[in-house]
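K.L.:
here is the input, now give the coordinates:
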Amino acid sequence: MINVTNRSPFFYARIFFGVLAALFIILLVLEKIPVSFALFALGLMDIMNAMDAWKEQNHNKAMGTGLFGAVFIGLGFYLL
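P.N.:
Residues are numbered from 1 along each chain as shown. The predicted structure follows:
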């Protein structure tokens, strides 16, 4: 059984934004929404992943993932 009692709130936020990004990508393929919303959700998912990694004292992973998420969010704003 999976132990979910000691998880960070960022872990659950990462799952939420990952599911939201998957939903937006499906809607993007069906041409219902612009690409910006999918990029925002992917960027937020990456930033939550970085915050979770930082909390777990994995600073190198956190810096790389956070930068990647910021690029996604910036690209989403650019494509609006």
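
K.L.:
can you list contacts of the worst-scoring helix or strand of the chain on mean pLDDT?
P.N.:
For the chain, counting by mean pLDDT, DSSP states H and E, helix 9-29 ranks last in confidence among helices and strands (a mean of 88). Helix 9-29 is touched from outside by 33-35, 37-38, 41-42, 44-45, 48-49, 51-52, 55, with contacts defined as CB atoms under 8 Å, 6 or more residues apart in numbering. Every residue, glycine included, has its C-beta placed from N, CA and C.

K.L.:
skipping adjacent residues, who's closest to Leu39 in space?
P.N.:
Excluding the flanking residues, the one nearest Leu39 by CB to CB, 6 or more residues apart in numbering is Gly76, at 3.4 Å.

K.L.:
and the strand or helix carrying that neighbour, what does it pack onto?
P.N.:
For Gly76, the host element (DSSP states H and E) is helix 59-78. Applying 3 or more CB pairs under 8 Å, 6 or more residues apart in numbering; DSSP states H and E, we find helix 59-78 packed against helix 35-55.

K.L.:
kindly format the C-alpha coordinates of the helix it packs on as PDB.
P.N.:
Provided in PDB are the C-alpha atoms of helix 35-55 (Å, rounded to 0.1, in the frame of the first residue of the first chain):
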ATOM      1  CA  VAL A  35      -1.900  26.300 -26.600                       C
ATOM      2  CA  SER A  36      -1.300  28.900 -23.800                       C
ATOM      3  CA  PHE A  37      -3.500  27.100 -21.200                       C
ATOM      4  CA  ALA A  38      -1.700  23.800 -21.700                       C
ATOM      5  CA  LEU A  39       1.700  25.600 -21.300                       C
ATOM      6  CA  PHE A  40       0.500  27.400 -18.100                       C
ATOM      7  CA  ALA A  41      -0.600  24.100 -16.500                       C
ATOM      8  CA  LEU A  42       2.600  22.400 -17.500                       C
ATOM      9  CA  GLY A  43       4.600  25.300 -16.100                       C
ATOM     10  CA  LEU A  44       2.700  25.200 -12.800                       C
ATOM     11  CA  MET A  45       3.200  21.400 -12.600                       C
ATOM     12  CA  ASP A  46       6.900  21.800 -13.100                       C
ATOM     13  CA  ILE A  47       7.100  24.600 -10.500                       C
ATOM     14  CA  MET A  48       5.200  22.500  -7.900                       C
ATOM     15  CA  ASN A  49       7.600  19.700  -8.700                       C
ATOM     16  CA  ALA A  50      10.500  22.000  -8.000                       C
ATOM     17  CA  MET A  51       9.000  23.200  -4.700                       C
ATOM     18  CA  ASP A  52       8.600  19.600  -3.700                       C
ATOM     19  CA  ALA A  53      12.200  18.800  -4.600                       C
ATOM     20  CA  TRP A  54      13.400  21.900  -2.700                       C
ATOM     21  CA  LYS A  55      11.500  20.800   0.400                       C
END
